[in-house]
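Peer 1: I'd like to go over a predicted model; first the sequence, then the structure.
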Amino acid sequence: MYGLALTWLYPYIWMIMASLKPTPEIYHTDLFSGSFTLENYQFLFESAEKLNRPFLKSLFNSFFVTLTVTASVVMTSAFIGYAMAKIDFRGRRQMNDFILFQMVVPGMMLIIPQFILIKQLGLINSYSAMILPVLMSGWGIFMVAQTFRGTPNDYIDAAKLDRASLKQIILNVMLPLNKAIVAIVALFTFTGTWDNFMWPLIVISDVDKMPLSVLLATFSKQYGIYVGPVMAGSVLQALPLIILFITFRRYFLQGMSLSLK
């Protein structure tokens, strides 16, 4: 078991060690030998912009898009999930079936129609092109709705007696009572959006608007001799996800178990 874990971790360890070595030493020294320096990271933030690869700006782009999408998905999942779970309206069953259908359809099938729509809206090469198609998540709505169904209606009735609005019921009652599912939806949405590569690659060509994942790919393709800085960029790309996993690993494990169920 530990041997398999080390096999899985080895590429990440190699990436980290390579990011700390001068490029000529990466392939000519052992994993933990050679001279170690931070010059690759310094290159990313000081010199890479001269090569038309603004890594600091792309890092900001990744955080901006990811946090915007995550906040939107959490909010839309909460409000729509509440309606699916606690409000009896006409067409609720059909809407639930549509959400389930949307979950099983491969996302790659929708790339061309989405691209045509975004192009017709004149949003190509903009932040909106990366954000608009993923403002809502069928998986997030389904997970929140399933959890909200298990919340007793007594809490909602008590809030209504206090003249709470629908918004107050969702934000001040339902979400605090179901923090685990909110954390799961937020974490999985953040991870998926941060690592998203294909869609930004298609709709973004301006390097000033590229997320870090796409900028790293273009940098590696055009400036492959800078292996050290590429590894340093890869470390920066993976670092937020590693921190999230270590901090919220309990929610990740809960999310995996719920997804399997």
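Peer 2: Right, received. Where do you want to start? Residues are numbered from 1 along each chain as shown.

Peer 1: so P240 touches W194, yeah?
Peer 2: Yes. Between P240 and W194 there is a contact under CB atoms under 8 Å: 6.5 Å. Placement of C-beta: from N, CA and C, glycine included.

Peer 1: neighbour count for these two, which is higher?
Peer 2: Neighbour totals were compared for P240 and W194, and W194 leads with 22 against 17 (other CB atoms under 10 Å).

Peer 1: and the helix or strand hosting K167, what's buried?
Peer 2: Element membership for K167 (DSSP states H and E) is helix 166-169. Neighbour-count burial for helix 166-169 flags I169 (criterion: 16 or more other CB atoms under 10 Å).

Peer 1: same check on stretch 81-99?
Peer 2: Within stretch 81-99, the residues scored as buried using 16+ other CB under 10 Å are 81-86, 99.

Peer 1: try stretch 133-147
Peer 2: 133-134, 136-145, 147.

Peer 1: what's in contact with that stretch?
Peer 2: Identification of contacts with stretch 133-147 by CB atoms under 8 Å, 6 or more residues apart in numbering yields 69, 72-74, 76-78, 80-82, 84-85, 96, 99-100, 102-103, 114, 118, 178, 180-182, 184-185, 188-189, 193, 199, 258.

Peer 1: and those, which are buried?
Peer 2: Neighbour counting by 16+ other CB under 10 Å classes 69, 72-74, 76-78, 80-82, 84-85, 99, 102, 114, 118, 178, 181-182, 184-185, 188-189, 193, 199 among the contacts of stretch 133-147 as buried.

Peer 1: before we move on, back to that, now intersect the contacts of stretch 133-147 with the strands, please.
Peer 2: Members of those lying in strands (criterion: DSSP state E): none.

Peer 1: lowest-pLDDT helix or strand in the chain?
Peer 2: helix 249-260 (a mean of 63; mean pLDDT, DSSP states H and E).

Peer 1: and the longest helix for the protein?
Peer 2: Assignment by DSSP state H gives helix 55-86 as the longest helix of the chain.

Peer 1: what about stretch 159-167, start to end distance?
Peer 2: In stretch 159-167, first residue to last residue: 11 Å (CA to CA, to the nearest Å).

Peer 1: where does the stretch 151-261 of the chain dip in pLDDT?
Peer 2: 221-224, 252-261 (pLDDT under 70).

Peer 1: what segments of it are helices?
Peer 2: Assigned by DSSP state H, counting those that start in this stretch, the helices in the stretch 151-261 of the chain fall at 153-161, 166-169, 175-177, 179-194, 198-203, 212-222, 227-247, 249-260.

Peer 1: between these, which gets nearest to S128?
Peer 2: Among those, the nearest to S128 by CB to CB is helix 198-203 (9.5 Å).

Peer 1: for the closest one, packing partners?
Peer 2: Helices and strands touching helix 198-203, by 3 or more CB pairs under 8 Å, 6 or more residues apart in numbering; DSSP states H and E, are helix 111-120, helix 127-131, helix 212-222.
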